[in-house]
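**Q** What follows is a predicted structure for the sequence shown.
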Amino acid sequence: MKIIVDDLTGQEITKLITEHLRGMELHSPPESIHALNLEELKKPEITFWSAWEQDQLVGCGALKELNSQHGEIKSMRTSTSHLRKGVARKILQHIIEEAKDRGYQRLSLETGSMEAFEPAKRLYLSFDFQYCSPFSDYIEDPNSVFMTRKL
């Protein structure tokens, strides 16, 4: 698998982000959706990666700089046809290594609290993320779970 910085202009990545946003709409009430759209993902504080096997897009993920010590994982998504193949694990490892290279002391994330998000929570726990209180601009929300990891 090859993971590259993506400029978010390709048709495949546009489809995957649209799928990601629709998935959030299916499982979360509107006020609890924190997924970013294409334009928001293009902000300078966000680095976005796509993962490829040959010419097939298999997943994506992003890292948002909250400050010089703290990053946030955003937009983790595996293409539906590549679920349960270790794609998310490899992307997450890539993001963690990048955060360490940047000198971040902490890496955090928000995900849903519903059953649909259980695989994501298990993945993060397997990488030593721990549950925490809201960070950055987030507020307590029964539909959200916050996790963090010291680097």
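**A** Ah, there it is.
**Q** nearest residue to Ile46 other than its sequence neighbours?
**A** In this structure, Ile46 finds its nearest non-sequential neighbour in Lys64, 4.8 Å apart by CB to CB, 6 or more residues apart in numbering. For glycine as for every other residue, the C-beta is placed from the backbone atoms N, C-alpha and C.
**Q** Buried residues in the lengthiest helix in the chain, which are they?
**A** Looking across the chain with DSSP state H, the single longest helix is helix 11-27. For helix 11-27, a neighbour-count test (16 or more other CB atoms under 10 Å) marks 13, 16-17, 20-21, 24, 27 as buried.
**Q** Any chance of CSV for the residues you listed, columns pLDDT?
**A** As requested, the buried residues of helix 11-27 are exported to CSV (pLDDT from 0 to 100):
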residue, pLDDT
Ile13, 96
Leu16, 94
Ile17, 94
His20, 88
Leu21, 86
Met24, 76
His27, 80
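**Q** the strands in the chain, which residues?
**A** Secondary structure of the chain, counting by DSSP state E: strands at 2-5, 46-53, 56-67, 70-78, 106-112, 130-132, 144-150.
**Q** any idea of the mean pLDDT in the third one?
**A** Computed over strand 56-67, the mean pLDDT rounds to 97.
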